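Peer 1: A predicted structure for the sequence below; I have some questions about it.
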Amino acid sequence: MRGRGIASLLGAIALGVLLTACAGGGASDSAEMAPMPGQGMATDVEKQPDREIIRNGDMSVRVDDVRTGIEDVGAIASAAGGRIASQTLDAMGEDLYGYVTLRVPADRLDGVIDEIGTLGTVTSLSVYAEDVTAQGVDLDARIAALQTSITRLQELLAEATSTKDLIDIEGELTARQAELDSLVAQRAALSDAVALSTLSVSITPSSEAAEWTPPGFLSGLESGWNAFRTTMAGLVTAAGFALPFLVAGALLVVPIVILVVVLSRRRRKG
């Protein structure tokens, strides 16, 4: 009989955990609903939990010295109470490129972005946000329900008299504790993401735009003269290359032509 009582209590505890978690999810949904006309809006707003927003960003900035730029970005993050989570320095030819990931307090993110922008020229910037209030409320409700369930199981474990009851309660207690640890870790990660924003910064070297002069008569004349000189130089070179062959050909062809003419005249006289 006592075994059945323990089983019934375990089932009741499991049902209570499930109902509490569902109630937590429903509460989070109702907290997001807009007040109906005629209701006290200020009172409803006060009852809503603080919104939990995850804000992250990406930006690219061009600086004169990439190494110095990385150091300055790290100093800005440190001054804001943040840190460098990771950094990379790559070399492409003679140029250096830096990539820095910062974790900074969420309420200082905009200020950090503005300060980094003063280091050079910002070429791209994007900031995005995600409202995770409902997820946080749901996790809190499930954690509270599991804590209550674990407390009750510990009381049952102290009251158990049979080996079977002890084994059943300990197995259920172990499973609930593992689930609680997992939820607590998820809640901690979510809170960390809300408290600290992630900012990815790409740091590239500045490149001076080549000076461009619009085309005109003088530039066209200069280009034409240079082309003419190049063409004439090519022709003179070609003539110098061909001259020896022309002289050698003339020395061979001229005697033959003279011989042919002489023989032709003799035939006519004969």
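Peer 2: Happy to help now that I have it.
Peer 1: mind listing what's buried in the strand or helix carrying Val73?
Peer 2: Take DSSP states H and E as the rule and Val73 turns out to sit in helix 66-79. Buried residues in helix 66-79, counted by 16 or more other CB atoms under 10 Å: 66, 69-70, 72-74, 76-77. All C-beta spots, glycine's among them, are computed from the backbone N, C-alpha and C.
Peer 1: direction included, what does the helix or strand just after that helix pair up with?
Peer 2: As assigned by DSSP H and E, the chain's next helix or strand after helix 66-79 is strand 83-92. Sheet pairing of strand 83-92 (DSSP bridges) gives strand 95-105 (antiparallel).
Peer 1: where does pLDDT dip in this protein?
Peer 2: 1-49, 207-219, 225, 269-270 (pLDDT under 70).
Peer 1: on that earlier part again, remind me what the helix holding Val73 packs against, helices and strands.
Peer 2: strand 83-92, strand 95-105, helix 109-117, strand 196-205 (3 or more CB pairs under 8 Å, 6 or more residues apart in numbering; DSSP states H and E).
Peer 1: in JSON lines: the ones you listed, plus distance to Arg62 and mean neighbour count.
Peer 2: Formatted as JSON lines, those follow (distance: least, CB to CB, whole Å; neighbours: other CB atoms under 10 Å):
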{"stretch": "strand 83-92", "distance to Arg62": "15", "mean neighbour count": "12"}
{"stretch": "strand 95-105", "distance to Arg62": "11", "mean neighbour count": "18"}
{"stretch": "helix 109-117", "distance to Arg62": "11", "mean neighbour count": "18"}
{"stretch": "strand 196-205", "distance to Arg62": "5", "mean neighbour count": "21"}
